[in-house]
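> predicted model and sequence below, questions to follow.
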Amino acid sequence: MNDAPLTVVVIPARGGSKGVPRKNLRRVGGIPLVARAITSARAATGVDIVVVSTDDPEIAAVSREWGARVVDRPAELSGDEASSESAVLHALGALERDGIAADIVILIQATSPFIDPADLDTAIDQVAAGERDSVFSAVASWGFLWRRGVDGMIGVNHDLRSRPRRQDRDEEYQETGAFYVMDAAGFLQARHRFFGSVGCVVVDETGAIEIDTEEQLAIASSLAPLLGPIASLDVDAVVTDFDGVHTDDTVSIGADGAEYVTVSRADGMGVALLRRAGIPVLILSSETNPVVAARARKLQVEVLHGVEDKAEALRAWARDRGIALDRVAYLGNDVNDLGCFDLVGWPVAVPHAHPRVLSAARLVLGSGPLGHVRALADLVLHSQRTKEKQK
């Protein structure tokens, strides 16, 4: 018999946002903010169900794509004045009507892009053990706070005449806003995130970043590559376009009409690493120039080029090899890749892709004109290594 509590995560994600328009769909490290929240929640071992509460069809579609259950939030709970608590209460009610009663409920804010699943599990354990009724994420702080008074600045948490050293002061805690783990019955009674015995989990300062402005979004985007991949590209094959993916999307033409393109040696190594790991690679291109086949021979991978219907060619290629399309990552850059995007589980775009391609992508790779195939290979291989460690 399993006596473990049923833990439900609720992620409120309205479509409207004044500070950063369409904030919950903006990308950090190539991944929409709401998808990052879903991914962190699903990676926590103590989480059973992840729910996104939204009034927005696009957010709902992205949330389902990343593995969340969606609760449609009514208009009266979707305005600027609506509280996060109201969204959580509504979501719990919707789940209860489906026969799902949470023991522990977690409010996660999608605007915190770097939530560590281990921190979530620590907070869940405190509530599950009855040590605390409500646990929030926080960072340690020794900062001197001030507020404006009528006659000037007034010290809030310190005496103006005393400046004790950091080591002589008591540690204080600043709420990050990233997550709140609560006993569900207590929350339903209090109808607020803080009640009973309140505790906190001290998180790394990167987990304290909360995005409310374009500047904060830019800072988070700069940090994302340093914090490791959040996306787990667990796929069985990698398929790529050629022009604009393996190349910088430019061409040099000689006096004899011969065309020359520039490719990346890093991409070549990425393909080699995929082959060594036993992951099939296909170059799929509408380009008829023999340079495509020449590059494929150099990389020792399959190639289909001069193809008019890339989606049908991809479907046939995967069928002949017994590869499920939802287990394929496809890397593209232009509108003739959209048909393939619709077929695969991981549509991935290069950063300079056509706007329609960027919009349709599940993941957008980092900046730069070249090296995108290597970047995708690194993500796929990271996922493969993670799976092997978990066996």
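Alright, I've got the coordinates.

> how far does the lengthiest helix in the chain sit from the chain's center?
In the chain, taking DSSP state H as the definition, the longest helix is helix 372-390. Distance of helix 372-390 from its chain centroid, counting by C-alpha atoms, centre = their mean, to the nearest Å, is 16 Å.

> equivalent analysis for stretch 50-59, please.
Distance of stretch 50-59 from its chain centroid, counting by C-alpha atoms, centre = their mean, is 15 Å.

> which helix or strand lies directly C-terminal to the longest strand along the chain?
In the chain, taking DSSP state E as the definition, the longest strand is strand 172-183. Where DSSP states H and E defines the elements, the next helix or strand beyond strand 172-183 is helix 184-190.

> can you pull the buried residues of that next one?
Neighbour counts over helix 184-190 (16 or more other C-beta atoms under 10 Å) mark 184, 186, 187, 188, 190 as buried. All C-beta atoms are positioned from the backbone trio N, CA, C, and that covers glycine.

> would you quantify the distance from the fourth one to residue 90?
When C-beta to C-beta, to the nearest Å is the yardstick, residue 188 and residue 90 sit 12 Å from each other.

> model confidence for the nearest residue to residue 12 once chain neighbours are set aside, exactly?
The shortest distance from residue 12 to any non-neighbouring residue, by C-beta to C-beta, 6 or more residues apart in numbering, is to residue 87 (3.9 Å). pLDDT for residue 87: 94.

> against residue 51, how distant is residue 87?
10 Å.

> ok, residue 342 - contacts?
Counting by C-beta atoms under 8 Å, 6 or more residues apart in numbering, residue 342 makes contact with 311, 360.

> ranges for the helices of the stretch 1-150 of the chain?
Along the stretch 1-150 of the chain, counting by DSSP state H, counting those that start in this stretch, helices occupy 33-43, 57-65, 84-97, 117-128.

> buried ones in the last one, by neighbour count?
The neighbour-count check on helix 117-128 (16+ other C-beta under 10 Å) flags 117, 119, 120, 121, 122, 123, 124, 126, 127, 128 as buried.

> give me the nearest residue to the fifth one, chain neighbours excluded.
The one in question is residue 122. That would be residue 201: by C-beta to C-beta, 6+ apart, it lies 5.0 Å from residue 122.

> and what of the last one?
What sits nearest to residue 128 in space, not counting adjacent residues and going by C-beta to C-beta, 6+ apart, is residue 5, at 5.3 Å.

> pLDDT below threshold where in the stretch 101-250 of the chain?
Within the stretch 101-250 of the chain, the stretches with pLDDT under 70 are 228-229, 231.

> could you pull out the strands for it?
Using DSSP state E, counting those that start in this stretch, the strands found in the stretch 101-250 of the chain span residues 104-108, 134-141, 146-149, 152-155, 172-183, 198-202, 237-240.

> direction included, what does the longest one pair up with?
Its sheet considered, strand 172-183 pairs with strand 104-108 (antiparallel), strand 134-141 (antiparallel) by DSSP bridges.

> output the ones you listed in CSV, with mean neighbour count appended to each entry.
Converted to CSV, those look like this (neighbours: other C-beta atoms under 10 Å):
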stretch, mean neighbour count
strand 104-108, 26
strand 134-141, 21
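
> what's the closest of those to residue 63?
The closest of the strands paired with strand 172-183 to residue 63 is strand 104-108. By C-beta to C-beta, the value is 12.2 Å.

> and residue 319, how close does it get to residue 309?
Distance, residue 319 to residue 309, using C-beta to C-beta: 14 Å.

> just put the buried residues of helix 117-128 in a markdown table and tack on distance to residue 222.
Formatted as a markdown table, those follow (distance: C-beta to C-beta, whole Å):
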| residue | distance to residue 222 |
| --- | --- |
| 117 | 23 |
| 119 | 22 |
| 120 | 24 |
| 121 | 28 |
| 122 | 27 |
| 123 | 28 |
| 124 | 31 |
| 126 | 33 |
| 127 | 34 |
| 128 | 36 |
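
> what's the closest of the residues you listed to residue 357?
Closest approach between the buried residues of helix 117-128 and residue 357, by C-beta to C-beta: residue 117, at 30.4 Å.

> shouldn't that closest one be in contact with residue 46?
No: contact criterion C-beta atoms under 8 Å: residue 117 and residue 46 do not qualify, at 9.0 Å.

> number of nearby residues for the nearest residue to residue 259 once chain neighbours are set aside?
Counting by C-beta to C-beta, 6+ apart, residue 259 lies nearest to residue 251, which is 5.1 Å off, once chain neighbours are set aside. Residue 251 sits with 14 neighbouring residues when counted by other C-beta atoms under 10 Å.

> close enough to count as contact, residue 196 and residue 133?
Yes: using C-beta under 8 Å, residue 196 is in contact with residue 133, at 3.0 Å.

> how much space separates the nearest residue to residue 6 once chain neighbours are set aside from residue 189?
Residue nearest to residue 6 in three dimensions, not counting chain neighbours: residue 103, with 4.9 Å by C-beta to C-beta, 6+ apart. For residue 103, the distance to residue 189 equals 14 Å [C-beta to C-beta].

> how about residue 161?
Using C-beta to C-beta, residue 161 is found at 45 Å from residue 189.

> my read: the residue nearest to residue 122 touches residue 134, true?
No: using C-beta under 8 Å, residue 201 makes no contact with residue 134, being 11.5 Å away.

> picking up where we left off before, and the residue nearest to residue 6, how far from residue 188?
Counting by C-beta to C-beta, the gap from residue 103 to residue 188 is 11 Å.

> between those two, what contacts are shared?
Counting by C-beta under 8 Å, 6+ apart, nothing touches both residue 103 and residue 188.

> per-domain residue ranges of the chain.
Listed by automatic domain parsing, the domain ranges of the chain are 7-142+170-227, 237-390.

> in a markdown table, list those domains along with distance to residue 153.
Listed next are these as a markdown table, based on distance: least, C-beta to C-beta, whole Å:
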| stretch | distance to residue 153 |
| --- | --- |
| domain 7-142+170-227 | 19 |
| domain 237-390 | 42 |
